[in-house]
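Peer 1: Below is the sequence, then the predicted model.
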Amino acid sequence: MKILQVISGKTVNGAMTYCKFVTEQLTSLGHEVTILGRPDGWIRGNLDPGIQFVPSELSRSPAEIGRVARWVKANQIDVVHTHMSRGHAFGVLLRWMTGVPVVATAHNQSFQLHWRMNDYVIANSKATYDYQRRVNRVANRQMETVHCFTDLERFKQIAPLDVTIVRRQMRLKGNEFLVGVVGEVVARKGHLYLFEALSRIVKEVPNLKLVLLGRFNRNEAYVKKLRAIQLRDNIFCHVKWLGLRWNIQDFMAAFDLTVVPSVEEPLGLVALESMAAGTPVVASDTGGLPEIVRSGENGLLVPSKNSQALAEAIIKMAKSSEAERQRLGRNGQRMVQEEFDPQLLTRQVESVLHRVVAARRAA
């Protein structure tokens with residue numbers, strides 16, 4: 001098949017990395033895949049050299065839609081696969097202009113009018129599937145769940161030296177209980193509830209060190225609020241703000257525990273990545289996270305927006321034996337390898353694309 005992937009984001013996030021990985025997987029299966037995306041988007045500079053990239057701001061102007069529609073027809077694209085809101089809307093317009101079928105992967109849970117206008121919708125989790133059915137009224141016959149995945153190979157290649165290097169970069173003494181939170185520092189990621197719990201946690205676990213990996217803006221009100229809590233509770237020495245890092249797999253392998261305190265989380269790739277690194281997870285019982293984190297098996301689930309429950313779970317994990325945390329980590333690795341194998345999940349995406357193309361041709 002000739003597949004056009006449409007991705008509208010600029011900065012790296014879960015949808016962006018998934019688009020990159022699924023494109024590479026589909027290409028390895030013999031499909032001719034092109035990406036249509038923003039000229040200055042992260043994905044453009046991070047693709048395998050053999051994958052074609054077509055730049056577009058994805059504006060809904062007649063001129064731009066017409067230009068891309070002519071390109072789609074000239075290149076005999078069989079199916080369009082879209083990601084992120086502007087990409088989804090652009091894909092629906094392309095469908096009207098060209099007659100080429102469109103499959104949209106839902107990476108989030110938001111009310112939007114375009115979902116029912118696609119030929120098919122792939123939900124990234126069962127929770128997202130339920131949301132699309134209830135809120136956006138997408139019919140069951142028009143949708144299915146295919147979990148998003150991450151690049152597991154980079155987690156298989158972590159060496160002890162890589163872990164030693166990142167621990168040295170963090171200037172650790174060696175006896176810290178290292179807790180990591182990975183992701184952009186924004187309200188929906190729930191950092192606030194973890195910060196509210198920290199003063200209680202460090203009384204029970206005085207050697208705890210919290211490491212924040214992800215983009216943040218010191219001038220944003222939410223970040224200022226978190227820093228004000230640090231000042232109020234005198235916990236500055238327990239928190240490291242490291243910003244965006246590209247070798248998160250090395251940090252995750254160094255963590256004793258990863259915390260995902262999200263208020264909302266359509267799937268939860270960070271939990272998946274932590275388990276791939278062999279690190280257990282404490283996560284909010286929200287969205288798609290319960291489809292990854294199984295309490296007592298590979299981590300612990302707590303109610304979202306509940307600082308007390310979060311504190312109790314982290315203290316419990318910190319006071320458990322290293323052997324117990326290793327057991328949880330091994331279970332997580334096994335689950336990821338069995339249920340989130342990129343080749344298996346790509347075959348499911350491929351099956352959807354084949355069926356949609358066949359249905360359009362039959363019609």
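Peer 2: Received it, and whenever you're ready, just let me know what you need. Numbers count the residues shown, from 1 in each chain.

Peer 1: contacts, neighbours, all on C-alpha from now
Peer 2: Will do.

Peer 1: any idea which helix or strand carries Gln343?
Peer 2: Using DSSP states H and E, Gln343 maps to helix 342-362.

Peer 1: which residues of the chain fall in strands?
Peer 2: Using DSSP state E, the strands of the chain run over 2-7, 32-37, 52-55, 79-83, 102-106, 120-123, 143-145, 177-182, 208-213, 239-243, 257-260, 281-284, 299-302.

Peer 1: quick one, what contacts Tyr18?
Peer 2: Shown in contact with Tyr18 (C-alpha atoms under 8 Å, 6 or more residues apart in numbering): 148-150.

Peer 1: meant to ask about Glu204, not that
Peer 2: Ile315.

Peer 1: Kindly state the pLDDT recorded for it?
Peer 2: In this model, Glu204 is scored at 97, pLDDT.

Peer 1: Now do the helix holding Gln343: everything it contacts.
Peer 2: 22, 25-26, 78-79, 101, 103, 119-120, 146-152.

Peer 1: Contact partners for Asn124?
Peer 2: 105-107, 145-148, 266-267.

Peer 1: Nearest residue to Ala15 in space, please, no chain neighbours.
Peer 2: Once flanking residues are discounted, Ala15 sits nearest to His107: 6.3 Å by C-alpha to C-alpha, 6 or more residues apart in numbering.

Peer 1: wait, the one you found sits on Thr82?
Peer 2: No - using C-alpha atoms under 8 Å as the test, His107 is too far from Thr82 to be in contact (10.3 Å).

Peer 1: okay, the two: which has more neighbours?
Peer 2: Thr82 (28 against 23; other C-alpha atoms under 10 Å).

Peer 1: Please work out the average pLDDT along stretch 179-190.
Peer 2: Mean predicted confidence for stretch 179-190 is 96.

Peer 1: again but with stretch 209-222, I slipped
Peer 2: Mean predicted confidence for stretch 209-222 is 95.

Peer 1: Could you give me the buried positions within it?
Peer 2: 209-216, 222 (16 or more other C-alpha atoms under 10 Å).

Peer 1: Check stretch 180-192 too.
Peer 2: Applying 16+ other C-alpha under 10 Å to stretch 180-192 flags 180-186, 189-192 as buried.

Peer 1: start to end distance for stretch 43-61?
Peer 2: 23 Å (C-alpha to C-alpha, to the nearest Å).

Peer 1: Check what contacts that stretch and list those residues.
Peer 2: With C-alpha under 8 Å, 6+ apart, stretch 43-61 has contacts from 8, 10, 12, 16-17, 20, 24, 33-39, 64-65, 86-87, 90.

Peer 1: So which bits of it are buried?
Peer 2: Result for stretch 43-61 [16+ other C-alpha under 10 Å]: buried residues 43-44, 47, 53-54, 56-58.

Peer 1: quick one: average pLDDT of it?
Peer 2: On average, stretch 43-61 scores 94.

Peer 1: List just the nearest of the buried residues of stretch 180-192 to Asp130.
Peer 2: Lys189 (21.0 Å; C-alpha to C-alpha).

Peer 1: So the closest one is in contact with Glu264, correct?
Peer 2: Yes - with contact defined as C-alpha under 8 Å, Lys189 and Glu264 form a contacting pair (7.1 Å).

Peer 1: anything in contact with each of these two?
Peer 2: Listed contacts common to Lys189 and Glu264 are nil; contacts here mean C-alpha under 8 Å, 6+ apart.

Peer 1: contacting residues around Cys3?
Peer 2: Quick fix: residue 3 reads Ile, not Cys. 31-34, 77-81 are the contacts of Ile3 under C-alpha under 8 Å, 6+ apart.

Peer 1: ok, of the contacts of stretch 43-61, which come out buried?
Peer 2: By 16+ other C-alpha under 10 Å, the contacts of stretch 43-61 give 8, 16-17, 20, 24, 33-39, 65, 86-87, 90 as buried.

Peer 1: can you pull out the helices in this protein?
Peer 2: Applying DSSP state H to the chain gives helices spanning 14-28, 62-74, 85-98, 126-134, 153-156, 160-169, 191-204, 221-233, 248-254, 269-276, 307-319, 322-339, 342-362.

Peer 1: residues of the shortest one that come out buried?
Peer 2: For helix 153-156, burial by neighbour count (16+ other C-alpha under 10 Å) applies to Phe155.

Peer 1: Can you give the distance of that helix from its chain's centre?
Peer 2: Distance of helix 153-156 from the chain centroid (C-alpha atoms, centre = their mean, to the nearest Å) equals 16 Å.

Peer 1: before we move on, what about the fourth one?
Peer 2: A distance of 17 Å separates the C-alpha centroid of helix 126-134 from that of its chain, computed with C-alpha atoms, centre = their mean.

Peer 1: Also the first one?
Peer 2: Here helix 14-28 shows a centroid-to-chain-centroid distance of 12 Å under the convention C-alpha atoms, centre = their mean.

Peer 1: before we move on, the earlier item: farthest pair in the buried residues of stretch 43-61?
Peer 2: Using C-alpha to C-alpha, the two most remote members of these are Leu47 and Leu58, lying 19.2 Å apart.

Peer 1: if we can go back for a sec, which two in the buried residues of stretch 180-192 are spaced the farthest apart?
Peer 2: Going by C-alpha to C-alpha, the pair spanning the buried residues of stretch 180-192 furthest: Gly180 and Val186, at 15.7 Å.

Peer 1: Compute the number of surrounding residues for Lys319.
Peer 2: Around Lys319 there are 13 residues (other C-alpha under 10 Å).

Peer 1: now do Arg168
Peer 2: Neighbour tally, Arg168, other C-alpha under 10 Å: 11.
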